[in-house]
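K.L.:
using only what follows, build the 3D model:
(chains A and B)
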Amino acid sequence: MEFRQIGIIAGKEFWDRIRNRWVLAVALVFTVFALAIAYFGGAQQGAVGFRSIEFTIASLVSLVIYLIPLIALILGFDAIVGERERGSLDLLLSMPITRFELLLGKYLGLAAALAFSTVAGFGLVAVVLSTQLNLAALLHYFGFMLSSVLLGMAFLSLAVMVSVFATDRTRASGMAIALWFFFVLVFDLLLLGALVVSGGHYGGEIFPYLLLANPADVFRILNIFTLDDVRTLYGLATVFPRALADPWLLGLVMFAWIAAPLGIATWRFRK
Amino acid sequence: MASISPAPADVRPAAKAETVVVTRAVTKHYGAVHAVDGVDLEIVRGELFGLIGHNGAGKSTLFKMMLGLIPLTSGEILIDNASVSGSGFRAVRRKIGYLPENVVLYENLTGLETLQFFSRLKGAPLQDCAPALERVGLAHAARRRVREYSKGMRQRLGFAQALLGRPQILFLDEPTTGLDPEAIRGFYAILRRLRAEGVTVVLTSHILAEIQERVDRLAIMAAGKVQAIGSVQALREQMDLPLWFDIRIASTHLDAVRSALGHLPVSAIEARDDHVAVQCRREAKMAVLEALAALGGKVLDLHVREPSLEDVFFGFSD
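P.N.:
Okay, the predicted model is just below:
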């Protein structure tokens, strides 16, 4: 493996997103949403203004869980199939580069663009709020940013996998949207449905672990259930297994969600 | 039309020359479709080799297999003694320049940035990019984005890309598409210089007249097979296509000329006013010339029409 070749591809993908202002636009979206939620998130309760970092993060999580998977899927769905459909893939592959290096370079460049937007967009908000936050609150917020980046990486990995399997861009976009629907909207309903149908008699203990089969849920758990007061607030402290409140374990699961689709994509791309 | 000879006679170039591209019984099957079917080729260093055939003849598929872009169903391809499917092929890729058919480059990059990107991938010196643009006449457009380029400019940029890193072997798929006649001349001038430096060039073209005067040898492909291979002259002889004499005479001597040629083994005589056209086989060529010489001043002018590459091509590919 030649890291130089990976770096060249990644560099091009990253600078393409900087140059066409994709990074700037996404960072702005994150900043605006985060600020609006921080200051107006409690408006329904009749209060305007920054309240607490826990509630801000909890509100941001419910927004980000829709937004970041969507952005990541849109960013990556045509990484390979786009080159193939335009007709530039053959020329790229005639270069002294392996298919794995090309795929990894594409992924890393796009991941860098998404991570940069996420950190810049939410980081700006942290700077704005910094006077009202103590160190613990800042660490919580930093944890939220980090998990947002991981969430983006996981869905970007799925998107790149789609871009290898799809035969054309139209199909790739369809598959990407379907993945978004499944993981963000349908998955939890299916789990709940299964739980209700079984009357809670079967699988009640494994139910929380099934949430690990969805990177969006892993992200939610990372941000919500690792906060002690939130867990208490939702009355979940007793039913939720302690193991799943371990951020390191959850982080590991997230890395598996990043690595597995990329691995499958590489296997397929080499065939 | 002459029958197609089952086994091309002269498939091998001069024995001592170093072979750079070797294909052995190469096949590519897509289900029941035999896109490439048992192709044997040997191309030597410094050769300008043409690959021609109708659309769907299998030449682009063969090209992609030579570049290791698609796997072979069976057979073997060696480029510079390395198998295209082997792990050592990455090193060979650095010596290869490739211009795909209808080259597609990145619209958002400028001409110079495009070359810099591919230069980095090839590990070629970046300072060669600007001279490469100059070489193909694009120095003035170096800082313009590719989306503003015309079809011909894109093709020239694609060619400049193929020349990056001083490749030893060039694969050019329909390289003159979209070029005006002057640019085509410039293109072949560059190829001739490269060939003089020992660069091997494999190109496809559908403009037969253009390739005819410029390649050392060519292979005619049809239905996934190489139907014929050799120099244009060798192919003409192999096909044994008839040639034509166009003879201008004083109109009063028409009958004399007719009777002089009548006893010769000619396949057709067309006479009109002061013009006689005679078709004959190659082996009768000298006999016809002698008969015409014997007519002395009755013949005013003479022109011999050799079968064109088109005639040869359709003879083999039909």
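K.L.:
pLDDT weak spots in the stretch 51-200 of chain A?
P.N.:
A:200 (pLDDT under 70).
K.L.:
swap in 80 and give it another go.
P.N.:
Residue ranges of the stretch 51-200 of chain A with pLDDT under 80: A:51-52, A:54, A:195, A:198-200.
K.L.:
show me what from it comes close to chain B.
P.N.:
Within the stretch 51-200 of chain A, the positions adjacent to chain B are A:86-88, A:90-98 by C-beta under 8 Å from any C-beta of the partner chain. Bear in mind the C-beta positions are built from the backbone N, C-alpha and C, glycine included.
K.L.:
sort out for me which of these are in helices.
P.N.:
Mapping these onto helices (DSSP state H) picks out A:86, A:90-93.
K.L.:
now do the strands in chain B.
P.N.:
Assigned by DSSP state E, chain B shows strands spanning B:19-30, B:33-44, B:48-53, B:74-79, B:82-83, B:96-99, B:169-173, B:200-204, B:217-222, B:225-230, B:243-249, B:266-272, B:275-280, B:299-305.
K.L.:
reformat those as JSON lines; add mean neighbour count.
P.N.:
Listed next are the strands of chain B as JSON lines, based on neighbours: other C-beta atoms under 10 Å in any protein chain shown:
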{"stretch": "strand B:19-30", "mean neighbour count": "18"}
{"stretch": "strand B:33-44", "mean neighbour count": "20"}
{"stretch": "strand B:48-53", "mean neighbour count": "24"}
{"stretch": "strand B:74-79", "mean neighbour count": "18"}
{"stretch": "strand B:82-83", "mean neighbour count": "17"}
{"stretch": "strand B:96-99", "mean neighbour count": "24"}
{"stretch": "strand B:169-173", "mean neighbour count": "23"}
{"stretch": "strand B:200-204", "mean neighbour count": "24"}
{"stretch": "strand B:217-222", "mean neighbour count": "25"}
{"stretch": "strand B:225-230", "mean neighbour count": "22"}
{"stretch": "strand B:243-249", "mean neighbour count": "19"}
{"stretch": "strand B:266-272", "mean neighbour count": "13"}
{"stretch": "strand B:275-280", "mean neighbour count": "18"}
{"stretch": "strand B:299-305", "mean neighbour count": "13"}
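K.L.:
lowest average confidence across these, which one?
P.N.:
Mean pLDDT values for the strands of chain B show the minimum at strand B:266-272, a mean of 82.
K.L.:
can you tell me which residues contact the nearest residue to B:Arg120 once chain neighbours are set aside?
P.N.:
Once flanking residues are discounted, B:Arg120 sits nearest to A:Ile8: 4.8 Å by C-beta to C-beta, 6 or more residues apart in numbering or on different chains. Contacts for A:Ile8 (C-beta atoms under 8 Å, 6 or more residues apart in numbering or on different chains) come out as A:105, B:117, B:120-121.
K.L.:
please apply the same query to B:Leu126.
P.N.:
Counted by C-beta under 8 Å, 6+ apart, B:Leu126 has contacts B:116, B:119-120.
K.L.:
okay, those residues in CSV with distance to B:Phe49, neighbour count and pLDDT next?
P.N.:
Converted to CSV, the contacts of B:Leu126 look like this (distance: C-beta to C-beta, whole Å; neighbours: other C-beta atoms under 10 Å in any protein chain shown; pLDDT from 0 to 100):
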residue, distance to B:Phe49, neighbour count, pLDDT
B:Gln116, 30, 18, 97
B:Ser119, 26, 20, 97
B:Arg120, 30, 20, 96
